[in-house]
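Peer 1: Requesting a structural model of the entry that follows:
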Amino acid sequence: MKLIVTEKNDAAGQIARLLSDSGKPKADKVYDTPVYRFRRGGEDCVTIGLRGHILQPDFPPELKFNDEEGWFGVTAEGEVLPADVPDGLARPPYDTKRKPYLKDGIDIKGWKIASLPYLVWAPIEKTPAEKGIIRSLKNLAKKADSVVIGTDFDREGELIGSDALRQIREVAPDVPVSRARYSAFTKAEIDHAFNNLVELDQDLADAGESRQYIDLIWGAVLTRYLTTARFSGFGNTRSAGRVQTPTLALVVERERERMAFKPEDYWVIFGEASHGEDDLFKV
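Peer 2: Numbers count the residues shown, from 1 in each chain. Here you go, the predicted model:
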């Protein structure tokens, strides 16, 4: 069986319809996730649509420190994640045991001003955002003879496909995987993509993941700072973001230009040469 992974359910249905030899795939479900079964070239195929990103980045709840390992994060499941925390930040034992300070580290889950410098350097883990879809994806991957990643042809699509592949590899580490790139749901475009399969571009996926991490670090740290500042009596609750904040600055700058504008009267005069009189103009 060939397993085809798309970014959304609509795409799974479209691709199944365009690739099917009979033109009408069979709608089915794996647990609660819709899938589409069909045959192409004598081979059984099934498409499954994700719901965009099935994994989401997050910080572990705590950072810990000891002399042997240095700084490291500990996930809710107990997994250890190495952390590169600058030497300038204080290490245990602390003078106080009041949160966010802990006996052997610092609590970064709570929104405390003192924990924010550590949050910038905390390791990031990827946690399931769509557990039901992941469960269905793994179920199909166990039975697949090959896998085709057919997510959108852009940076985010490559990352979504890479995250899906990471889940597939947990249950089918040796299954052959390829990538179909297409830009439109037309018969010619889809046929060409699946007849000319390529490899997944991990560099492009890593670029998308870097964008995720920057969004998390920027948004989490600054939003927590602005929120805790508000709790201290400084203004209203505000949020910050990698795109949101610079865009807001551009809007404010433009609005200030508009408010500072002072209208002045002016005239525009148009003229044309009279017939036979090149040096005279009618106004």
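Peer 1: residues near I48, how many?
Peer 2: 24 (other Cβ atoms under 10 Å). In this view, the C-beta of every residue, glycine as well, is placed from N, C-alpha and C.
Peer 1: Tell me the secondary structure of W111, please.
Peer 2: At W111 the chain is in coil, as set by DSSP: H, G, I helix; E, B strand; the rest coil.
Peer 1: and it, what is it in contact with?
Peer 2: 224, 227-228 (Cβ atoms under 8 Å, 6 or more residues apart in numbering).
Peer 1: just the helices in the stretch 101-250 of the chain please.
Peer 2: Secondary structure of the stretch 101-250 of the chain (DSSP state H, counting those that start in this stretch): helices at 116-120, 131-143, 155-171, 187-195, 202-231, 244-260.
Peer 1: looking at the ones you listed, which is buried most?
Peer 2: helix 155-171 (a mean of 20; mean count of other Cβ atoms under 10 Å).
Peer 1: Could you name the helices and strands sitting against it?
Peer 2: strand 2-6, strand 55-58, helix 131-143, strand 146-150, strand 177-179, helix 202-231 (3 or more Cβ pairs under 8 Å, 6 or more residues apart in numbering; DSSP states H and E).
Peer 1: what separates Y266 from D44, distance-wise?
Peer 2: The gap separating Y266 from D44 is 74 Å, by Cβ to Cβ, to the nearest Å.
Peer 1: So between the two, which is more surrounded?
Peer 2: Using other Cβ under 10 Å as the criterion, Y266 and D44 rank with D44 on top: 13 against 5.
Peer 1: any idea of the angle the strand or helix carrying the more buried one forms with helix 131-143?
Peer 2: Secondary structure assigned from DSSP states H and E places D44 in strand 43-49. Computed with axes from the mean of the first three to the mean of the last three Cα atoms, to 10 degrees, the direction of strand 43-49 lies at 160 degrees from that of helix 131-143.
Peer 1: who touches the residue nearest to P117 when sequence neighbours are not counted in this structure?
Peer 2: Spatial nearest neighbour of P117, excluding adjacent residues (Cβ to Cβ, 6 or more residues apart in numbering): L89 at 5.8 Å. Applying Cβ under 8 Å, 6+ apart to L89 gives the contacts 117-118, 121.
Peer 1: That'll do, ta.
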